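K.L.:
Based on what follows, work out the 3D shape:
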Amino acid sequence: MNKNIFARASEMMNTRRLSAIAENDRRNAEIEQKIPEIAEINRILSTTGINLIKIIRKGEDIQQKIKSLENQNRQAQEMIASLLVRNGYPHDYLELRYNCEKCSDTGYHNGKMCNCFEELIGKVSVDHLNASSRITLCSFDSFDLSYYKNIISEENENCFVTMSKNLEYCKQYANTFSQDSKNLLMYGNPGLGKTHLSLAIAEQLLNKGVNVLYDSTVNFLIKIEKEHFGRIETDIDTYETVVNADLLILDDLGTENTTDFYRSTLYNILNTRINKGIPTIVSTNLTPDEISAKYEPRITSRIVLTYTHLKFIGKDIRGIKSSQEAKNYRANTVF
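P.N.:
Predicted coordinates for the structure are as follows:
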């Protein structure tokens, strides 16, 4: 991994640890002020280390005296717990609580990088990539179903009904998201809200702390290609970040050039994420049949056959909005 990403994640991990220690110090100060008996017990406990050194130096009945000190400490801790409960606090209120009990927020456990540190590095990498994305997040609240009213598709489908179902499905997807969530294929003509709803899912999940990575398919592929052939220096490994994000959103599939490198990379991304069991959302202007015609079978079999399909129908909303804005501009402009 890049040293800058590692350094940023290490800094955040250290901040977690220091915050946990500071919070524990705050609680101890609070309790010693409100419950003087505990302050006195803590004062006595602080002499344990000094007494232990004296015992070791004397060398007489070391094991017995150490055991006696341990019993005294245990009794003192039990008294503290009892006093806490008696004064309306949890019995473990003064215990030091790290975000990760396994590594105590050090980032390492048994000489190896802890899972929590790996996840933090992944989050820093995702945030870095998202910052360079050319698309911006949306919300469910700004998805306007009125644009689909009184419209019947060429296949005689009620656009309002279909798009209402799509909206509710996406909301439910975001509300119940887990690593077991389904892969989604959002397809339909341009300007029907595919990007809007996929990024509304992203916006809600990012607010929950989920590592969601989003950008157009072509932008991801360009970055990966440039890094692969050493054309740019970058802070992260885009490919590794793409295949490991909790949720990957590939927008505008089909607009990229169909080079051998792009086809191979796209297949590896889709296949690796399926094998890892982590969900992907793909949006495209292509129908499933057009996807099958454009891509080789090993790609189409993964998208067309293993993804849940959401069909978007209606009139081009971007076109409608542009017309309305032009009309409003003419109405409010004095010539």
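K.L.:
Read off the pLDDT value for I55.
P.N.:
Per-residue pLDDT puts I55 at 61.
K.L.:
mind listing what the nearest residue to E119 once chain neighbours are set aside touches?
P.N.:
The shortest distance from E119 to any residue that is not its chain neighbour, by C-beta to C-beta, 6 or more residues apart in numbering, is 7.8 Å, and that residue is N211. In short, each C-beta sits where N, CA and C put it, glycine included. Applying C-beta atoms under 8 Å, 6 or more residues apart in numbering to N211 gives the contacts 119, 122-123, 126, 245-247.
K.L.:
Buried ones from these, can you make that a PyMOL selection?
P.N.:
Here is the PyMOL selection string for the buried members of the contacts of N211, based on 16 or more other C-beta atoms under 10 Å:
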select buried, resi 122+123+126+245+246+247
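K.L.:
out of the contacts of N211, which one sits closest to T217?
P.N.:
A245 (14.2 Å; C-beta to C-beta).
K.L.:
The spatially closest residue to the closest one that is not a sequence neighbour bridge partners, please.
P.N.:
Nearest non-adjacent residue to A245, counting by C-beta to C-beta, 6+ apart: L213, 3.8 Å away. L213 forms beta bridges with L248, as assigned by DSSP bridges.
K.L.:
Burial check on L213, number of neighbours?
P.N.:
The local packing of L213 (other C-beta atoms under 10 Å) involves 26 other residues.
K.L.:
wouldn't it be in contact with N130 here?
P.N.:
Yes: checked against C-beta atoms under 8 Å, the pair L213 and N130 is within contact range at 6.4 Å.
K.L.:
just to revisit the earlier point, what pLDDT does the model give the residue nearest to E119?
P.N.:
92.
K.L.:
Tell me the helices and strands packed up against the longest helix seen in the chain.
P.N.:
If each helix of the chain is counted by residues according to DSSP state H, the longest one is helix 3-34. Where contact means 3 or more C-beta pairs under 8 Å, 6 or more residues apart in numbering; DSSP states H and E, helix 3-34 is packed against helix 36-45, helix 115-131.
K.L.:
Need those in JSON lines (columns: distance to N28 and mean pLDDT).
P.N.:
Formatted as JSON lines, the helices and strands packed on helix 3-34 follow (distance: least, C-beta to C-beta, whole Å; pLDDT from 0 to 100):
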{"stretch": "helix 36-45", "distance to N28": "8", "mean pLDDT": "86"}
{"stretch": "helix 115-131", "distance to N28": "25", "mean pLDDT": "85"}
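K.L.:
D92: which of the ones you listed is closest?
P.N.:
Smallest distance to D92 across those (C-beta to C-beta): 13.6 Å, for helix 36-45.
K.L.:
Who are the packing partners of the closest one?
P.N.:
helix 3-34, helix 62-86.
K.L.:
One more pass at 6 Å, please.
P.N.:
Counting contacts by 3 or more C-beta pairs under 6 Å, 6 or more residues apart in numbering; DSSP states H and E, helix 36-45 packs against helix 62-86.
K.L.:
what pLDDT does I274 get?
P.N.:
96.
K.L.:
next one: phi and psi at the nearest residue to it once chain neighbours are set aside?
P.N.:
Spatial nearest neighbour of I274, chain neighbours left out: R302 (6.1 Å); criterion: C-beta to C-beta, 6+ apart. Taking degrees, to the nearest 10, you get phi -80, psi -40 for the backbone angles of R302.
K.L.:
Look at R302 and say how many residues are nearby.
P.N.:
By other C-beta under 10 Å, the burial measure for R302, its neighbour count, is 21.
K.L.:
For it, give its distance to R74.
P.N.:
Distance from R302 to R74, counting by C-beta to C-beta, to the nearest Å: 59 Å.
K.L.:
Show the contacting residues for L120.
P.N.:
Contacts here follow C-beta atoms under 6 Å, 6 or more residues apart in numbering; on that basis L120 touches 9, 12.
K.L.:
quick one on the thing from earlier: turn the contacts of N211 into CSV, including distance to E30.
P.N.:
Rendered in CSV, the data for the contacts of N211 read as follows (distance: C-beta to C-beta, whole Å):
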residue, distance to E30
E119, 32
G122, 36
K123, 32
V126, 37
A245, 40
D246, 37
L247, 40
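K.L.:
The nearest residue to K182 once chain neighbours are set aside pairs with what?
P.N.:
Nearest residue to K182 in three dimensions, chain neighbours excluded: T308, at 4.6 Å (C-beta to C-beta, 6+ apart). Beta-bridge partners for T308, by DSSP bridges, are L184.
K.L.:
just checking, T308 touches L184?
P.N.:
Yes: if you go by C-beta atoms under 6 Å, T308 and L184 touch, sitting 5.4 Å apart.
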